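Chemist: quick one, structure for this:
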Amino acid sequence: MRNIKFFVVFILVILSLETYSQIGITSYSVYSLGINTSQNKKISGELKVFTNRPVEDIQFEVDGFFNFKTRPYHRFSIGLGLNFNPFRDFDRIYAITIPTSIEIYPLQEFKKVSILFELTPEILPEDGVNVRSMWGIRYTFGQKEMLRQSSPLNPDL
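Modeler: As a prediction, this is how the structure comes out:
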């Protein structure tokens, strides 16, 4: 019970911090939902929640990403993360992750929507290495600056 209280307080503190970045929401193929910070900066973060399982087995993943330069039609990112189960009494740390992703913009006039493909090696403490693949659809809020920077008509690219 103490762990649940700590986790709730942690989430409330994170949500109450004032940030100046774009937020995106991603729905992944394996019953996962992600909330990410601005992908237009070199360093960004994402919190994933793996759902559709009993509450004590819900997994969370916190990832930090290095974002390569955004191109008109795509962007590559590579990161490092931690996958964990906060509601378990044992084996809370599931894996250390190395997510590698490509984000594709299928609609050039509406870059708030993108398709995301992710390939992630998971380093498990006792079982070795797994490779997880996911795809998803991302919607990014407040992306006006990115539209100006990555437009095919922009001669600065």
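Chemist: any idea how far the residue nearest the centre of the chain lies from residue 106?
Modeler: In the chain, the C-alpha nearest the mean C-alpha coordinate belongs to residue 46, at 3.4 Å (C-alpha atoms, centre = their mean). For residue 46, the distance to residue 106 equals 21 Å [C-beta to C-beta, to the nearest Å]. C-beta: built from backbone N, CA, C; applies to glycine.
Chemist: before we move on, what about residue 126?
Modeler: According to C-beta to C-beta, residue 126 stands 41 Å off from residue 106.
Chemist: just residue 95 next, same as before
Modeler: As defined by C-beta to C-beta, residue 95 lies at a distance of 31 Å from residue 106.
Chemist: try residue 84
Modeler: In terms of C-beta to C-beta, residue 84 sits 33 Å off from residue 106.
Chemist: out of those two, which sits in the more crowded spot?
Modeler: residue 84 (16 against 10; other C-beta atoms under 10 Å).
Chemist: is the more buried one in a bridge, and if so with what?
Modeler: On the basis of DSSP bridges, residue 84 is bridged to residue 60, residue 93.
Chemist: same thing with residue 122?
Modeler: Under DSSP bridges, the beta-bridge partners of residue 122 are residue 97, residue 130.
Chemist: can you pull the contacts of it?
Modeler: Counting by C-beta atoms under 8 Å, 6 or more residues apart in numbering, residue 122 touches 83, 94, 95, 96, 97, 129, 130, 131, 132.
Chemist: again, only this time at 7 Å
Modeler: Residues in contact with residue 122 (C-beta atoms under 7 Å, 6 or more residues apart in numbering) are 83, 95, 97, 129, 130, 132.
Chemist: which of those residues are buried? Put it as a ChimeraX command.
Modeler: Selection of buried members from the contacts of residue 122 for ChimeraX, criterion 16 or more other C-beta atoms under 10 Å:
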select :83,95,97,132
